[in-house]
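Peer 1: Based on what follows, work out the 3D shape:
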Amino acid sequence: MIADSAVGSRLRELFAPASIALVGASDTSGWARNVYTSLQAGGFQGRFVPVHPRHETAFGIPTRPSLRELEEPVDLAFILAPTEAVEAVVQDAGAAGIRNAVVLAAGFAEVGEAGRALERQLVETARALGITLLGPNGLGFINATDRVAPYGLLLTPPLLSGAVGIVLQSGALANSVLTFGRNHGIGLTLLVSTGNEAMVTTADVIEHLLEDEATKVIALFLEQIREPQRFAELARRAQSAGKPMVALKVGRSPAGQLAALAHTGAVAGDDAVVDAALRQLGVIRVDSLEELLVTAGLLATSPPLRGRRLGVVTWSGGACDIIADRAHAEGLEVPALERSTTAALEKIVPAFGSARNPVDVTGFGLAHQPDGSRTPIAQALDVVSRDPNVDVVVYLGVLVPPTPDPLVEARLDDAVQLIGASPVPVVNTSTTCVDLSEYARDQLLKRGLYVAAGLDLGLRAIGHAVRWEERRARPVAERSPRTESDAPDWLKRRGRVVWAETEARRLLELSGFPLVPAELALSADEAVEAAHRIGYPVVLKACVEGLAHKSDVGGVKLGLAGDDAVREAFAGLHAIAAAALVTPMRTGGLELFAGVTRDPTFGPVLAAGLGGVWVELLDDVALRVLPVDKTEVVEMLRELRGAPRLFGARGTDAVDLDGLAEALVSLAGAALLAGPGLEALEVNPIWCGGGRIEGLDARLITAEEG
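Peer 2: Alright, predicted model coming up:
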């Protein structure tokens, strides 16, 4: 990681070199040929110096035997030396006054402890010499804005410049990314392969792209999030700056599930936490490279999509059906149009088409153009875009043949006028994800037109863009000012502790979480007296430190309706614990579960779902990384598949959603109060009935931090 204060200036210098030395340059080296050819394909016009200790020329250019032999420093050294020689080359670079280097070689931290030691030494050397190092085990970068592409794989021209910055934790994907982008008119500012991130990290590059005026969208391929707190800060900055971050985060398999005792960890799993964290931070998560690029391309070229109501103008009834289905899947609406709009469309659309949303002008709408006037599909766009029930128009009328056609070019000019005059954003899509011809791509780019690749990817991209704007409009939950010193003294114990329920309740009460009344009994007589004060029926629970799951060992006795039953239950519990907690028996209502565990990447995470045994059987859990506020919690609860039950489905009583949200915010506050030693804080079940919300059972587990 580069020192925070130096990230901007150092990376601007690294990624825009006017002169480059290629160490290990040789006509016989495939890597060297790749780098040299990529520089040419990218349009590099600066000074290029091949360096090799034995070859006198490379690519027809005289070489230098070492960086120390350069007449003047270069801006960047691209190092192709073998692993064991890299540090010596970096020392040469320092002696030559070179401040930036890319290291391609593998065999460092990715291979084990010996490699990690080698990498640490390399970084120490680079830092001491004032060198910014990208890699090792990385392929370099492609700066499309400044036309410089020192990259270890061959690039196929043209290199399209645009507004999408890309960070890859897998450099070999760059060719696929560039090819797809080129074939669909998606231009880049910068693409970086981060490699091992020994010095320049993904977060560093994100920060650079946030400061880069040409970059409007940041696209990420992530294998892991190495600096989660900094990543979160940068994501918040991106939202504030209006720069969407789109991420393809791999690793969704169940192999990464948390191993916590509480249900929170058992149900959630690492990837579910990542999913929740990215959603909260406003980072758009996608499932494929194609979705990553199409979404980034739309966000980089479209005005903000503020609204879920789609007007649809197509030339195909089948496309109308597909769009309607995909819109529903994305939570978007295809509303009815105003009667005046429909009446205007009926004058444009043939009788065998559809003048209602989604609008189908049929093939007639493309082919018919009397007296050189606008085509029916263009006229329909003009009408639909002005309907007050529409926030965004999905338009299939921008079509470009693979070869020159003056008539189509005139229609494209007309489309530019219509889209520019539209009171709402217009999203152009194709029906399928088909590559553009060079002619079609050039015609679109020179007019500033972007066509999302296919209905499926296009509608997904629209959904992402709409949700991003909605998330951006919401206030962010404030982080807690509490520190470890705020934790109660009785919690500051070393080692791992499964606390007695009385202590879990004590912590929850500090934050105002509503709990069912309870009394601690040390004898059968005390249990009976407590039951009289509480009122029958009651529940007796074993209360002892170290017991994580009371019900598994017979430590919970339910529905006790008299003194004899209480005495018998206490005697049965005495073998487990010397004390019992007496609480009233709650029946009816709805039971929920909520708990907080500490994720190794993002810290404390709140989970909530239907309570009791159902949390495991239904696998219906919603997650949020702390901190949270009431708005966030309500949204979280609405995500549950069982959410209709909260709102009184099938004649059941609705839950006080506002009160429940307040309770979960209090639970989150208690977890933060416990400090970094928290392993799990769980309330299961939370009983909702008769207008009340009460926690019936609580569990607290802490451990020494780390």
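
Peer 1: I322: what's it in contact with?
Peer 2: Counting by C-beta atoms under 8 Å, 6 or more residues apart in numbering, I322 touches L455, D456. All C-beta atoms are positioned from the backbone trio N, CA, C, and that covers glycine.

Peer 1: Mind doing that once more with 10 Å?
Peer 2: When contacts are counted by C-beta atoms under 10 Å, 6 or more residues apart in numbering, I322 touches T314, S316, P358, T431, G454, L455, D456, L459.

Peer 1: Any quick PyMOL command for the buried ones out of the residues you listed?
Peer 2: In PyMOL, a selection of the buried entries from the contacts of I322 looks like this (16 or more other C-beta atoms under 10 Å):
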select buried, resi 314+316+358+431+454+455+456+459
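
Peer 1: which pair in the contacts of I322 spans the largest distance?
Peer 2: With C-beta to C-beta as the measure, no two of the contacts of I322 lie farther apart than P358 and G454, at 16.4 Å.

Peer 1: which stretch of helix or strand covers the residue sitting furthest away from the middle of the chain?
Peer 2: Most distant from the centre of the chain: D564, at 57.1 Å, with distances by C-alpha atoms, centre = their mean. D564 is part of helix 563-573 when elements are defined by DSSP states H and E.

Peer 1: re the thing from before, please report how far the residue farthest from the centre of the chain lies from Y536.
Peer 2: From D564 over to Y536 the distance is 12 Å, taken as C-beta to C-beta, to the nearest Å.

Peer 1: what does A670 give?
Peer 2: 30 Å.

Peer 1: Give me the more crowded residue out of those two.
Peer 2: A670 (23 against 15; other C-beta atoms under 10 Å).

Peer 1: To which secondary structure element is that one assigned?
Peer 2: Using DSSP H and E, A670 falls in helix 657-673.

Peer 1: Next, the buried residues of that helix.
Peer 2: Taking 16+ other C-beta under 10 Å as the criterion, helix 657-673 shows 657, 660-673 as buried.

Peer 1: That helix packs against which elements?
Peer 2: Applying 3 or more C-beta pairs under 10 Å, 6 or more residues apart in numbering; DSSP states H and E, we find helix 657-673 packed against helix 501-510, strand 590-599, strand 603-610, helix 630-638, helix 643-646, strand 678-689, strand 692-695, strand 698-702.

Peer 1: Which of those comes out lowest on mean pLDDT?
Peer 2: Among those, helix 643-646 has the lowest mean pLDDT, at a mean of 86.

Peer 1: Quick one: residues in contact with that helix.
Peer 2: In contact with helix 643-646 (C-beta under 10 Å, 6+ apart) are residues 590, 592, 610, 620, 622, 634, 636-638, 640, 649-650, 652, 654-657, 660, 688.

Peer 1: Figure out how far it is from the centre of its chain.
Peer 2: Offset of helix 643-646 from its chain centre (C-alpha atoms, centre = their mean, to the nearest Å): 27 Å.

Peer 1: in it, what's buried?
Peer 2: Buried residues in helix 643-646 (16+ other C-beta under 10 Å): A643, R645, L646.

Peer 1: So which helix or strand of this protein has the lowest pLDDT on average?
Peer 2: Ranked by mean pLDDT, DSSP states H and E, the weakest helix or strand in the chain is helix 263-268, scoring a mean of 37.

Peer 1: What is the subsequent helix or strand relative to it?
Peer 2: As assigned by DSSP H and E, the chain's next helix or strand after helix 263-268 is helix 270-280.

Peer 1: For the residue sitting nearest the centre point of the chain, which non-adjacent residue is spatially closest?
Peer 2: By C-alpha atoms, centre = their mean, the mean C-alpha position of the chain lies nearest to L278, the distance being 3.5 Å. Leaving aside its chain neighbours, L278 sits nearest to R285 (4.8 Å; criterion: C-beta to C-beta, 6 or more residues apart in numbering).
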